[in-house]
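> Attaching a predicted model along with its sequence, questions to come.
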Amino acid sequence: MEVSAWSCSTITRVGQPYPHKIKLYLRKKEAVLSDCVIALCCGTSKEARNLQALLLQNWNLLKREYVGTCAKYITVEALRIFVGSLGVGVEMDKSVNGKH
């Protein structure tokens, strides 16, 4: 997935979940993400920082959303519901899952 927004929090979709893997992307340059990463794009860098802080504050709840017996993973839908439960509005990008 290509990310052209400049203010995003990124989170591991597949792999061992750790809080230090919740990162910010605050550059004015497009990036191509691995399928193993989900970008949560925001309107401003302040919103992206606030979202990152909110995810970290709720890490113990978030890590429970990761499932799987081998490689842990979180679905886009599970993350959407989780972020929504924290009071953050979520809009799905039409380019998710190859749909443009």
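Perfect, thanks for sending it. Worth saying up front: this structure is predicted, and the values here are computed from it rather than measured.

> Is residue 10 located within a strand, as I assumed?
Yes: membership of residue 10 in a strand is supported by DSSP: H, G, I helix; E, B strand; the rest coil.

> doesn't residue 37 make contact with it?
Yes: using Cβ atoms under 8 Å, residue 10 is in contact with residue 37, at 5.3 Å. (Glycine included, C-beta is placed from N, CA and C.)

> Compare these two and say which is more crowded by neighbours.
Using other Cβ atoms under 10 Å as the criterion, residue 10 and residue 37 rank with residue 10 on top: 21 against 18.

> can you point me to the longest helix in this structure?
Longest helix in the chain by number of residues, with DSSP state H as the criterion: helix 45-57.

> Counting neighbours, which bits of the next helix or strand after that one end up buried?
Toward the C-terminus, helix 45-57 is succeeded by helix 59-62 as the next helix or strand (DSSP states H and E). Buried residues in helix 59-62, defined by neighbour count with 16 or more other Cβ atoms under 10 Å: residue 62.

> what about dumping the CA coordinates of helix 59-62 to CSV?
Output in CSV follows, covering the C-alpha atoms of helix 59-62 (Å, rounded to 0.1, in the frame of the first residue of the first chain):
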residue,chain,number,x,y,z
TRP,A,59,-1.2,-1.2,24.9
ASN,A,60,-2.3,-4.0,27.2
LEU,A,61,-5.8,-3.9,25.5
LEU,A,62,-4.4,-3.6,22.0
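
> pLDDT of that helix, averaged?
Across helix 59-62, pLDDT averages out at 97.

> from the chain's centre, how far out does the next helix or strand after that helix sit?
Sequence-wise, the next helix or strand downstream of helix 59-62 (DSSP H and E) is helix 76-85. How far helix 76-85 lies from its chain's middle: 10 Å, per Cα atoms, centre = their mean, to the nearest Å.

> what packs against helix 76-85?
If you count contacts as 3 or more Cβ pairs under 8 Å, 6 or more residues apart in numbering; DSSP states H and E, helix 76-85 packs onto strand 37-41.

> Please work out the average pLDDT along the strand it packs on.
90.

> List the neighbouring strands of it plus their orientation.
strand 8-12 (antiparallel) (DSSP bridges).
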